[in-house]
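Participant: Next comes the sequence, and after it the predicted model I'd like to discuss.
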Amino acid sequence: MLSERRQRVLRALIEDYIEFALPVGSRTLTERHRLGVSPATVRNDLSALEDAGFIQQPHTSAGRVPTDAGYRTFVDELLQSGLAQEERPHQAMIDELRASATELDDLMERTGAALSRLTDCLSIVMAPSVLAGRIHQITLVSLSPWQAIIIVVAEDGQVVNRTVSFTEEVSADELAGAQNLLNRVLVGRTARDARRQLDENAIEALSDPLVQLIIDEVVDCLGDADASRAHSLGISSLLRQPEFSDAKALLPVMEVLEDDRVLFHAFDDAVGEDGPIMVRIGHENPTSELAGVSIVACPYGRGRSEGVVAVIGPTRMNYQNAIRAVRAAQCVLHDE
């Protein structure tokens, strides 16, 4: 348990390192912060913090830099201060995005861009699972007697479409009948429930080969949408950070994020975390390739189809700003 003074010293060191990306010494701390003690006392405190594993000295002649444990103490203090529960952070951003975006996909893209701009980090906006969300409407548009477009609108506003081909001619009336039947039976249900929990009349109606084909295409269409439901922006922001001035340092991170399984594992955990914000620092991340970055994430949406909004940056990221920005993004997306 750190004393109040050493907590102040650690906080000051982390704030300086976040701002300047340079090791911090005792004299610098006393000059920049009103710690109320001499440089000699601060030196003793820094030695104690180093012994406890909160900071480290990269070179014998240099100042100190925070460790993952130091950042964890700093972030926990921020979260305990009520930062994660602030009402309507970045209200101007919330109002602007809601006024400018008309569909969920557009809103996700704009929110990701704003998040990256506010934090100088990589932003990730993962759409709610379409397969787990409820269907609002199914529309079938005939292109020819042999082909049609299926348009599925989910209750959360996501829209997916797919072209389907028929082995036999299908008239406009047949297509309209299939559309009416599917809407009567499937609206309000998830795609995963398309063949489950249906009454006997519905099951008999759905035995029609045309309807069965369309249901299969709907499920496949939503499955494809789920496989590419992460919007990421801000690679250039990460490359501007001193830690990633050599682009090779960022390659392991990008390779991990291109693997959908790892990406879903890294962020889906945010939905199950206690509290509104998940912060993972360096080695707390699930893979060693992410040991040089921190993730700030939180869920949005409701029920089984929650999405995730997150930023990824160096462990030296501005956590206070990142938490506020992610919370603002959550507010934008949650009420849609």
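Facilitator: Perfect, thanks for sending it.
Participant: only C-alpha atoms for contact and neighbour calcs from this point on.
Facilitator: Fine.
Participant: number of nearby residues for the closest residue to A172 other than its chain neighbours?
Facilitator: Once flanking residues are discounted, A172 sits nearest to S142: 6.8 Å by Cα to Cα, 6 or more residues apart in numbering. The number of residues packed near S142 is 18, by other Cα atoms under 10 Å.
Participant: And for E174?
Facilitator: E174: 13 surrounding residues under other Cα under 10 Å.
Participant: Wasn't it part of a helix?
Facilitator: Yes. Assessed by DSSP: H, G, I helix; E, B strand; the rest coil, E174 belongs to a helix.
Participant: Contact partners for it?
Facilitator: E174 makes no contacts at all, as judged by Cα atoms under 8 Å, 6 or more residues apart in numbering.
Participant: now do V309
Facilitator: V309 is in contact with 123-126, 297-300, 326, 329-330, counting by Cα under 8 Å, 6+ apart.
Participant: In JSON lines: those residues, plus pLDDT.
Facilitator: Formatted as JSON lines, the contacts of V309 follow (pLDDT from 0 to 100):
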{"residue": "S123", "pLDDT": "91"}
{"residue": "I124", "pLDDT": "88"}
{"residue": "V125", "pLDDT": "87"}
{"residue": "M126", "pLDDT": "82"}
{"residue": "A297", "pLDDT": "91"}
{"residue": "C298", "pLDDT": "88"}
{"residue": "P299", "pLDDT": "85"}
{"residue": "Y300", "pLDDT": "83"}
{"residue": "V326", "pLDDT": "90"}
{"residue": "A329", "pLDDT": "87"}
{"residue": "Q330", "pLDDT": "86"}
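Participant: what about A310, which SS state?
Facilitator: A310 is classified as strand under three-state DSSP.
Participant: That one and I124 touch, don't they?
Facilitator: Yes. Under the criterion of Cα atoms under 8 Å, A310 makes contact with I124 at 5.1 Å.
Participant: Now L290: closest residue in space that isn't a chain neighbour?
Facilitator: Excluding its sequence neighbours, the residue lying closest to L290 (Cα to Cα, 6+ apart) is V253, at 5.9 Å.
Participant: For burial, what's the neighbour tally of R324?
Facilitator: So R324, with other Cα under 10 Å, has 22 neighbours.
Participant: Tell me, what's the model's pLDDT at it?
Facilitator: pLDDT, R324: 90.
Participant: Can you show me the CA trace of the helix or strand where it lies as PDB?
Facilitator: Secondary structure from DSSP states H and E places R324 in helix 319-334. Taking C-alpha atoms only, helix 319-334 is exported to PDB below (Å, rounded to 0.1, in the frame of the first residue of the first chain):
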ATOM      1  CA  TYR A 319      -5.600   7.100 -19.900                       C
ATOM      2  CA  GLN A 320      -7.900   9.900 -18.600                       C
ATOM      3  CA  ASN A 321      -8.600  11.200 -22.100                       C
ATOM      4  CA  ALA A 322      -9.000   7.700 -23.500                       C
ATOM      5  CA  ILE A 323     -11.500   6.700 -20.900                       C
ATOM      6  CA  ARG A 324     -13.500   9.800 -21.400                       C
ATOM      7  CA  ALA A 325     -13.500   9.400 -25.200                       C
ATOM      8  CA  VAL A 326     -14.500   5.700 -25.100                       C
ATOM      9  CA  ARG A 327     -17.300   6.600 -22.700                       C
ATOM     10  CA  ALA A 328     -18.500   9.300 -25.100                       C
ATOM     11  CA  ALA A 329     -18.400   6.800 -28.000                       C
ATOM     12  CA  GLN A 330     -20.400   4.400 -25.800                       C
ATOM     13  CA  CYS A 331     -23.000   7.100 -25.200                       C
ATOM     14  CA  VAL A 332     -23.300   7.800 -28.900                       C
ATOM     15  CA  LEU A 333     -23.800   4.100 -29.900                       C
ATOM     16  CA  HIS A 334     -25.600   2.800 -26.900                       C
END
